[in-house]
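Chemist: what's the 3D shape of this:
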Amino acid sequence: MIKVFLTVMILGYSLVSAQLRTNIWELSGTRSANYRNKQNLTEVNFSNNFADTSTVFRQMSFFITNSSISDTVGNLLFYSNGQWIANRNHDSLQNCKEFNPGYSTDHYYDGGGLGFTQGLIIIPHPDSGFLYDLFYITTEKIHYHGNLYYYPFHLSHSIIDMRLDSGLGAVTIKNEHLIEDTLVQGKLAACKHANGRDWWIIDHKWNSNIFYTWLLTPSGIEGPFLQNIGSKVLNDFGFGQAVFSPDGNQFTIQSNYDYFMDHFHFDRCSGLLSNWSRLYSQTDVNNFVGAAFSMNNRYLYRCSYFNVIQYDTKMDNFFNNPDTVATWDGTYAPLDTWFFLSQLARDNRIYISTDGGDSVLTYIDQPDSAGVSCNVIQHGVILPYLNNHTVPYFPNYDLGLIGNYVADAGANDTITKGQSVRLGIPPVSGVKYLWHSDSTLSDTTVAQPIASPDTTTTYYLTVTDTSTYSSCNVREDTVTVFVDIADAVYSPKPQNHGTFRVSPNPVSTWLNIIYQSNDDGVFELYNAFGYRAATMSLYHYFKNRMLAVSALPNGIYGWRVMQRGERIAEGKVAVINR
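Modeler: Now for the predicted structure:
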């Protein structure tokens, strides 16, 4: 029998240990010549689960492009405005000279930061504790229908190794071009693959409805993969956000000068978009910019200069039911505090920058709540210095693997001709079962049908998890029923091989394997995708063995005990590293 140890995750995607990658935000900037010198600017720290502002003495200024990353316990590692990279000491990261060369980098924006929404993304390299991948754009001049535009001609990639320069980091691979094509200004977004390890990177081709995606894996970058879907992006001019919902199942992109917002379902397994819906509106013409999802994935917030609008994505045709939850109150601080870019923070609030160079942020205090109860607090965060449009862009670094239900057709069995046997395991809510076989089954759509074969038969089970959009929600297993056609008495089950159990369950540090057996065996632990996560020899002269699990990702694991090539015990255990 082919066995796949796959089971539903407790709490779904949120089970992954909370990391503090988004703990530090670098804000503020100036369009004057002062950006060439270090000065007092704003830093926001979320260590105490709220936006704690302070002064930091640094050189880097920001216009719109803004990306930073902290380590898993919340200490700043490095950050960038798209033109250069600063380390945690606020000095130039080693070997970042001539980072991201191009017209906008070298000439148009001088040195005060690029002006593209989500013009740069930072991703921890899969299965590495010290490498970081940067994906980014700059622009060049392009003449189109007699007009002069500025658009990227490629998507670039660099790698930073934090082991270098005494732990301050250094660029090792720089300005590698992943594609040569005309792309939109920014709108780069990233989402973890369904395996909870790899990353999807998504970008949009200019003057088309083409999305490009790449898959970042431990061994490198795969792609680009191309998909034609959604609206054509032409006049985006660097504004309008593109964001995933926290669970990665939804994706939205808007182009303020094209007057649209598109919404899709996203398949974290295949990287494909589907279920396209479009909102076309010239309300507050040219001024829709910000977008963010609530932490519960239900509410989508769209920011124009003058309004914050909430959409309930659980409603049918939700774009037809906008709910204006805030209207600009006319405050200047010192310029207009119109709504601009938005970002979900680790305190589960959504923070909104202003269109002017102001010393405030607006925030949505309860984004998971419907209507005005979401409580938009205008200019509620006072910054020590002026902030020029920006908030950083962060993907959901805490997103885990997609939980799937077990595909278990049951254990192989032997019967005498004329007998019947029950297959499978007890049913799970929200799962569809389909058995592929002949008429010897009592029902092909239940979890545990009765099989009455006249000859040895292999039955195939397909299990579909209906709770997710992903294409990897299908699992398969087989079971064989051997039919003894002789008139002999049905042979008994094999002799008892011993007793086996694990404790505690759930477990966070050490898993105690408790057993009694006369034979040596091997204990094997499998993750939700059927990959072996750990093994341990079980010697017959011991009564227990201790297995370290603190380094394993949170989730439900299948375990089994093998003796002489035969599986003689199995079960499930939850690993929850607090």
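Chemist: which parts of the stretch 1-150 of the chain are strands?
Modeler: For the stretch 1-150 of the chain, the strands defined by DSSP state E, counting those that start in this stretch cover 24-26, 39-45, 52-58, 67-70, 76-80, 85-87, 120-124, 131-136, 140-144, 147-151.
Chemist: any chance of those strands in TSV, plus mean pLDDT and mean neighbour count?
Modeler: Every residue, glycine included, has its C-beta placed from N, CA and C. As requested, these are exported to TSV (pLDDT from 0 to 100; neighbours: other CB atoms under 10 Å):
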stretch	mean pLDDT	mean neighbour count
strand 24-26	97	24
strand 39-45	94	20
strand 52-58	95	15
strand 67-70	98	24
strand 76-80	98	24
strand 85-87	97	23
strand 120-124	98	23
strand 131-136	98	23
strand 140-144	90	13
strand 147-151	89	15
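Chemist: tabulate those strands (a markdown table), appending distance to Leu511.
Modeler: Formatted as a markdown table, those follow (distance: least, CB to CB, whole Å):
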| stretch | distance to Leu511 |
| --- | --- |
| strand 24-26 | 35 |
| strand 39-45 | 36 |
| strand 52-58 | 39 |
| strand 67-70 | 31 |
| strand 76-80 | 33 |
| strand 85-87 | 39 |
| strand 120-124 | 27 |
| strand 131-136 | 30 |
| strand 140-144 | 56 |
| strand 147-151 | 54 |
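Chemist: right, and the ones you listed - which one's nearest Ser166?
Modeler: Comparison of these against Ser166 by CB to CB identifies strand 85-87 as nearest, at 10.2 Å.
Chemist: for the closest one, give me every contacting residue.
Modeler: Here strand 85-87 makes contact (CB atoms under 8 Å, 6 or more residues apart in numbering) with 58-60, 77-80, 92-94, 96, 99, 134, 160, 165, 168-169, 171.
Chemist: returning to what we had before: Pro427: which of the strands of the stretch 1-150 of the chain is closest?
Modeler: strand 120-124 (38.5 Å).
Chemist: what helices or strands is that closest one leaning on?
Modeler: strand 67-70, strand 76-80, strand 131-136, strand 189-192, strand 199-204 (3 or more CB pairs under 8 Å, 6 or more residues apart in numbering; DSSP states H and E).
Chemist: got the contact list for Ser158?
Modeler: By CB under 8 Å, 6+ apart, the contact list for Ser158 reads Phe99, Asp133, Leu134, Tyr136, Val171, Ile173, Lys174, Asn175, Glu176.
Chemist: and the first one, what does it touch?
Modeler: So the one you mean is Phe99. By CB under 8 Å, 6+ apart, the contact set of Phe99 is Ser80, Gln83, Trp84, Ile85, Ser158, Val171, Lys174, Asn175.
Chemist: quickly note the distance from the fourth one to Ala190.
Modeler: I take that to be Ile85. 18 Å (CB to CB, to the nearest Å).
Chemist: go on, the fifth one?
Modeler: Distance from Ser158 to Ala190, counting by CB to CB: 15 Å.
Chemist: just to revisit the earlier point, now the helices and strands packed on strand 120-124 in a markdown table, with distance to Arg545?
Modeler: Output for the helices and strands packed on strand 120-124, formatted as a markdown table (distance: least, CB to CB, whole Å):
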| stretch | distance to Arg545 |
| --- | --- |
| strand 67-70 | 37 |
| strand 76-80 | 38 |
| strand 131-136 | 34 |
| strand 189-192 | 33 |
| strand 199-204 | 36 |
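Chemist: closest to Phe318 out of the ones you listed?
Modeler: Using CB to CB, those put strand 189-192 closest to Phe318, at 20.4 Å.
Chemist: could you give the mean pLDDT of the closest one?
Modeler: For strand 189-192, mean pLDDT rounds to 98.
Chemist: show me the protein divided up by domain.
Modeler: What automatic domain parsing lists as the domains of the chain is 1-15+401-493, 17-388, 499-575.
Chemist: of the ones you listed, which stretch is the most buried?
Modeler: Comparing the domains of the chain by mean neighbour count (mean count of other CB atoms under 10 Å), domain 17-388 ranks first with a mean of 19.
Chemist: flag the shaky bits of the stretch 401-550 of the chain, pLDDT-wise.
Modeler: 403-406, 437-438, 467-471, 484-497, 529 (pLDDT under 70).
Chemist: who does Val376 bridge with?
Modeler: For Val376, the beta-bridge partners are Ile364 (DSSP bridges).
Chemist: ok, it touching Pro367?
Modeler: No - the criterion here is CB atoms under 8 Å, and Val376 misses it with Pro367 at 9.5 Å.
Chemist: what touches both of these two?
Modeler: Common neighbours of Val376 and Pro367 (CB under 8 Å, 6+ apart) do not exist.
Chemist: please tabulate the contacts of Phe99 in a markdown table, including the columns distance to Asn49.
Modeler: Conversion of the contacts of Phe99 to a markdown table gives the following (distance: CB to CB, whole Å):
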| residue | distance to Asn49 |
| --- | --- |
| Ser80 | 26 |
| Gln83 | 32 |
| Trp84 | 31 |
| Ile85 | 28 |
| Ser158 | 32 |
| Val171 | 33 |
| Lys174 | 36 |
| Asn175 | 38 |
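Chemist: quick one: Val522 is in a strand?
Modeler: Yes - under DSSP: H, G, I helix; E, B strand; the rest coil, Val522 falls within a strand.
Chemist: distance of it from Tyr557?
Modeler: From Val522 to Tyr557 the distance is 15 Å (CB to CB).
Chemist: ditto for Trp206
Modeler: Per CB to CB, Trp206 is found 45 Å from Tyr557.
Chemist: just Leu434 next, same as before
Modeler: Noted for Leu434: a distance of 26 Å to Tyr557, by CB to CB.
Chemist: likewise for His263?
Modeler: With CB to CB as the criterion, His263 and Tyr557 are 35 Å apart.
Chemist: kindly report the same for Glu476.
Modeler: The spacing between Glu476 and Tyr557, counted by CB to CB, is 20 Å.
Chemist: if you average pLDDT over the helix or strand in which Pro384 is found, what comes out?
Modeler: Using DSSP states H and E, Pro384 maps to strand 376-388. For strand 376-388, mean pLDDT is 94.
Chemist: what angle do the host helix or strand of Leu215 and strand 131-136 make?
Modeler: Following DSSP H and E, one finds Leu215 within strand 208-217. For strand 208-217 against strand 131-136, the angle by axes from the mean of the first three to the mean of the last three CA atoms, to 10 degrees is 170 degrees.
Chemist: what angle sits between strand 208-217 and strand 120-124?
Modeler: Going by the same axes, to 10 degrees, strand 208-217 makes 30 degrees with strand 120-124.
Chemist: which other helices and strands contact strand 208-217?
Modeler: Applying 3+ CB pairs under 8 Å, 6+ apart, one finds that strand 208-217 makes contact with strand 199-204, strand 220-233.
Chemist: helix or strand right after the strand holding Pro384?
Modeler: Next element after strand 376-388 (DSSP H and E): strand 413-416.
Chemist: pairing partners for the helix or strand following that following strand, with directions?
Modeler: As assigned by DSSP H and E, the chain's next helix or strand after strand 413-416 is strand 421-422. Strand 421-422 has these partner strands in its sheet, going by DSSP bridges: strand 450-451 (antiparallel).
Chemist: which strands and helices lie in contact with the helix or strand following the strand it pairs with?
Modeler: Per DSSP H and E, the first helix or strand lying C-terminal to strand 450-451 is strand 457-465. The contact analysis (3+ CB pairs under 8 Å, 6+ apart) places strand 457-465 against strand 431-436, strand 474-484.
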